[in-house]
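Engineer: The following comprises the amino acid sequence and a computationally predicted model.
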2 protein chains.
Amino acid sequence: MADSNTIRLRVFSLNCWGIRYLSKHCRERYAMIGELLNREEHDIVLLQEVWSEKDFLCLKRKLSSTHPHSHYFKSGVIGSGMATFSRHRIHDAFLYRYSLNGYPYMAHHGDWFGGKAVGMVKLNIGRLAAHVYVTHLHAEYCREKDSYLPHRVVQAWELQQFIRHTSSGADLVILAGDLNLHPQDLGNRLLRTYTGLRDSYTETAKFDGCEDGITFIADNPFINPKELCPFEKGIRIDYILYKGSGRVSIQCESLSTTKGSVPDHPFPYSDHEALSAELQLQTLTQQAGGDETRGKLAELVDIVTEARTEVKVGLYCAERMRYTAARTGVMGMALLLLELAIAAVPWLALGADQPFPRASFYLLGVLCFAILITTFLLYIFYTMEVKALQGAEDQMRLAVGSLQERLRGFPLAQPLNPLCRPLDRQDPCPLEPEE
Amino acid sequence: MADSNTIRLRVFSLNCWGIRYLSKHCRERYAMIGELLNREEHDIVLLQEVWSEKDFLCLKRKLSSTHPHSHYFKSGVIGSGMATFSRHRIHDAFLYRYSLNGYPYMAHHGDWFGGKAVGMVKLNIGRLAAHVYVTHLHAEYCREKDSYLPHRVVQAWELQQFIRHTSSGADLVILAGDLNLHPQDLGNRLLRTYTGLRDSYTETAKFDGCEDGITFIADNPFINPKELCPFEKGIRIDYILYKGSGRVSIQCESLSTTKGSVPDHPFPYSDHEALSAELQLQTLTQQAGGDETRGKLAELVDIVTEARTEVKVGLYCAERMRYTAARTGVMGMALLLLELAIAAVPWLALGADQPFPRASFYLLGVLCFAILITTFLLYIFYTMEVKALQGAEDQMRLAVGSLQERLRGFPLAQPLNPLCRPLDRQDPCPLEPEE
């Protein structure tokens, strides 16, 4: 079956839910994951939520013979939680931290402290340059009233940008991780349409796993099924995506997921299901042409416009929150003035008969201090959020303009400098000019 | 002289020192800069320290006829301060924020609030894809005792990584900005050696400007010459760097800098001198081969090793600072216990004769609160610093390993999976495999 131009590549992805002392059976589950990886010997293993570096090092020791190459991505206060193990040598690694990632004061959600990011490692598989990405986007805690939606859209935007800009030299691109996005969510469409990445679940020839490919399932004992409402059976939020290039075509031969329990073990590997894809790479002698169509461009314009609207909504909220912080800060300042007035009472020797209201004075001082500090920090934080949202919106506007220009069939470059003499341009500008 | 395959490209770079209400003659200087750009009509203008978006918009209006395309990079609390104007259509923009950028409590240095970053815009110049980068690295406030050195080295590391990973599809690469690095500083060597970018000052055929190409000069009236000590005349910290590709060769025909004063004006454009380079692009029909040599690889290993040592020193300091913050936090906790003990006095009705020490109680309360909040924030901040430094160090270790492997002439990829059949590999792995 496989000729000399065919390479088979097995990719594994799992959100490990590895919060030490908080996640249930964390240690035992890591031991099980280590066993599984040792036994299955996937080419590339991409893990998320490996929050403790100790757990990563423990896995690294365990996998030293099967997966001699590894990288742990560090970021934020706790870390990015992302790790990769590989049978092929990793010769470069790079990390991009998303500009937005929740709120530090939403400590119970914890996303902000995790420093969400996308990590890239570069591998050589045979003579093919593979760029492998792993990411974990901000969680969705409430689908009906999702205050993090603009953050997740900006993360998806930055993710597609990072992949697009760093993958132009790649023969193949693989992205795996917990996207916290349903298959038809805005961020997911943005990512797939812009990068051309294909979803292994919809593309696979053979599938073995949970119904509809769901990876966060009600049957998992670590999940409270109420949280999944209105999706009774579960949701599909973990993915393995891939694309080839002019030098290699990729087919997904099979995809499998775990199904909420592990034979001979009392509990599953994690609260998420693991994904395991078998890709077949076929090296091409001829460069394949671009597959850009007018329809695809138009779709992209629509999606980016939708994303821009979402970011604008987020911007409006962030600006309102910043305004509230500023107004509360002014209240703090007023309290400070009151405090000074109280302090002036004995100094001006007015009402010398009455005792100085010490208790009120110090309590008011503490209150002032707390309000001023908090509102100052919040103001700074919201300013950063506003800037990041504005930055993403600017980039989206630029992208829509550029896409519309292409859609109208105008040439991209119109040199105004008479010294710049354009060469004849007949071919339409490709969707990704760097490829 | 110029045949149909030759394009002339004029690039301008200036650190505008545009802090509203703080920088001297800010408004007048922006007006002068606008005039200059309008008159000179450079192809690409890369500005730094345009801190206020209003100033950017003002410049944008002024340059709407000469430079119809522009982008302002937003980041951090205040912004990245970076702006670009172009005569050629900008069809994509992307921003990478450095993971380390000074300390928030060093508010008088202000770098942390600025959100230092590297911005990229993609232009088409004729049929050539140009990736243009603008950046501004952390300032050096004291060369003898430079506590920010590890931060600047990590920034230079991330800058070279960002350029290397995002420029593989580019026909030409241009980087301009205030690097805050002397020509032979570690960060500068790291950047140039790894990316292959060439310094327009050392490469130019014709130079007109300050002695030794200095761009931060003692003769500038906005500069206190004492700050420059021991470099009496000034330092060269602003650069225009460039490189071509297999499709285009670049020569720097001329480079000029302003010289501390502007004819018919009472003051210069900024505290930095402006750079203006004229590049000649020659499109090639033949793909040029890689210019990797054993010597270059060995040099790169040395430089990365040096950078790694510097980062380790920074890591040691950050860990020590984090330890100090933690220890002070423990002191705060001890004070809190004391506070509780004081509160327990009247409750236990011990020493009922003596009045309750209200003043001490509340003062101690405020002190406790302040210490605990401050040490908590510092601990979080230093943890983020430690993670970022560790992350950079990990990547450097990986890079050194990969470089050494290449130096030994070993193949990069050693597939362990028998299903992966490597194709015959005879050509040595290029320095940048994605090119």
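Structural biologist: Nice, thanks for sending it over.

Engineer: hey, let's count contacts and neighbours off CA atoms from now on
Structural biologist: Will do.

Engineer: Could I get the pLDDT score of residue A:214?
Structural biologist: For residue A:214, the pLDDT comes out at 95.

Engineer: which residues touch the nearest residue to it once chain neighbours are set aside?
Structural biologist: Spatial nearest neighbour of residue A:214, excluding adjacent residues (CA to CA, 6 or more residues apart in numbering or on different chains): residue A:236 at 4.0 Å. By CA atoms under 8 Å, 6 or more residues apart in numbering or on different chains, the residues touching residue A:236 are A:181-183, A:212-216.

Engineer: tell me the contacts of the closest residue to residue A:238 other than its chain neighbours?
Structural biologist: Distance criterion CA to CA, 6+ apart; nearest residue to residue A:238, sequence neighbours excluded, is residue A:178 at 4.4 Å. Taking CA under 8 Å, 6+ apart, we find residue A:178 in contact with A:14-15, A:48, A:135-137, A:237-239.

Engineer: Repeat the analysis, applying 10 Å as the threshold.
Structural biologist: A:13-15, A:47-49, A:134-139, A:215, A:236-240, A:272 (CA atoms under 10 Å, 6 or more residues apart in numbering or on different chains).

Engineer: doesn't residue A:48 make contact with residue A:83?
Structural biologist: Yes - Residue A:83 is within contact range of residue A:48, at 6.5 Å (criterion: CA atoms under 10 Å).

Engineer: shared neighbours, those two?
Structural biologist: A:134-135.

Engineer: looking at chain A, which helix or strand does the model trust least?
Structural biologist: helix A:111-114 (a mean of 80; mean pLDDT, DSSP states H and E).

Engineer: quick one: it to chain centroid distance?
Structural biologist: 12 Å (CA atoms, centre = their mean, to the nearest Å).

Engineer: Stretch A:42-61 now?
Structural biologist: Counting by CA atoms, centre = their mean, stretch A:42-61 comes out at 18 Å from the chain centroid.

Engineer: Is chain B within reach of that stretch?
Structural biologist: Yes - judged by CA under 10 Å from any CA of the partner chain, stretch A:42-61 and chain B are in contact via A:42-43.

Engineer: State the distance spanning the first to the last residue of that stretch.
Structural biologist: When the termini of stretch A:42-61 are compared using CA to CA, to the nearest Å, they are 16 Å apart.

Engineer: Mind checking the pLDDT average for it?
Structural biologist: 95.

Engineer: Now do the buried residues in it.
Structural biologist: A:42-53, A:55-56, A:59-60 (16 or more other CA atoms under 10 Å in any protein chain shown).

Engineer: now do stretch A:207-216
Structural biologist: A:207, A:209-210, A:213-216.

Engineer: measure it end to end?
Structural biologist: Terminal-residue distance, stretch A:207-216 (CA to CA): 17 Å.

Engineer: wait, isn't residue A:388 in contact with residue B:75?
Structural biologist: Yes - here residue A:388 reaches residue B:75: they are 5.9 Å apart, a contact under CA under 10 Å.

Engineer: so where's the stretch 51-200 of chain A uncertain?
Structural biologist: Along the stretch 51-200 of chain A, no part satisfies pLDDT under 70.

Engineer: Out of the buried residues of stretch A:207-216, list just those in strands.
Structural biologist: A:207, A:216 (DSSP state E).

Engineer: which stretches of the stretch 1-150 of chain A form strands?
Structural biologist: A:6-15, A:44-48, A:69-73, A:82-86, A:90-97, A:117-125, A:128-136 (DSSP state E, counting those that start in this stretch).

Engineer: Nearest approach to residue A:220 belongs to which of the ones you listed?
Structural biologist: Residue A:220 lies closest, by CA to CA, to one member of those: strand A:6-15, at 13.6 Å.

Engineer: list the helices and strands the host helix or strand of residue A:346 packs on?
Structural biologist: According to DSSP states H and E, residue A:346 maps onto helix A:294-347. Judged by 3 or more CA pairs under 10 Å, 6 or more residues apart in numbering or on different chains; DSSP states H and E, helix A:294-347 is in contact with helix A:149-166, helix A:186-195, helix A:358-407.

Engineer: Could you export the second one as CSV, keeping only the C-alpha atoms?
Structural biologist: If I follow you right, that is helix A:186-195. The C-alpha trace of helix A:186-195 is given here as CSV (Å, rounded to 0.1, in the frame of the first residue of the first chain):
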residue,chain,number,x,y,z
LEU,A,186,-17.4,31.9,14.7
GLY,A,187,-13.8,31.4,15.9
ASN,A,188,-13.7,28.0,14.4
ARG,A,189,-14.9,29.1,11.0
LEU,A,190,-12.5,32.0,11.1
LEU,A,191,-9.6,29.7,11.9
ARG,A,192,-10.4,27.0,9.3
THR,A,193,-11.5,29.3,6.5
TYR,A,194,-8.5,31.7,6.8
THR,A,195,-5.8,29.1,7.3
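
Engineer: quick one: is that helix near chain B?
Structural biologist: No - judged by CA under 10 Å from any CA, helix A:186-195 stays clear of chain B, getting no closer than 12.7 Å.

Engineer: got the angle between that helix and helix A:294-347?
Structural biologist: 130 degrees (axes from the mean of the first three to the mean of the last three CA atoms, to 10 degrees).

Engineer: what helices or strands is the helix or strand following helix A:186-195 leaning on?
Structural biologist: Using DSSP H and E, the helix or strand that directly follows helix A:186-195 along the chain is strand A:198-199. With contacts defined as 3+ CA pairs under 10 Å, 6+ apart, strand A:198-199 has these neighbours: strand A:172-178, helix A:186-195, strand A:238-243, strand A:248-257.

Engineer: Repeat the analysis, applying 7 Å as the threshold.
Structural biologist: strand A:238-243 (3 or more CA pairs under 7 Å, 6 or more residues apart in numbering or on different chains; DSSP states H and E).

Engineer: what pairs with the strand it packs on, and is each one parallel or antiparallel?
Structural biologist: strand A:172-178 (antiparallel), strand A:198-199 (antiparallel) (DSSP bridges).

Engineer: Mind checking what helix or strand follows the shortest one in sequence?
Structural biologist: Helices and strands here follow DSSP H and E; after strand A:198-199, the next one along the chain is helix A:200-203.
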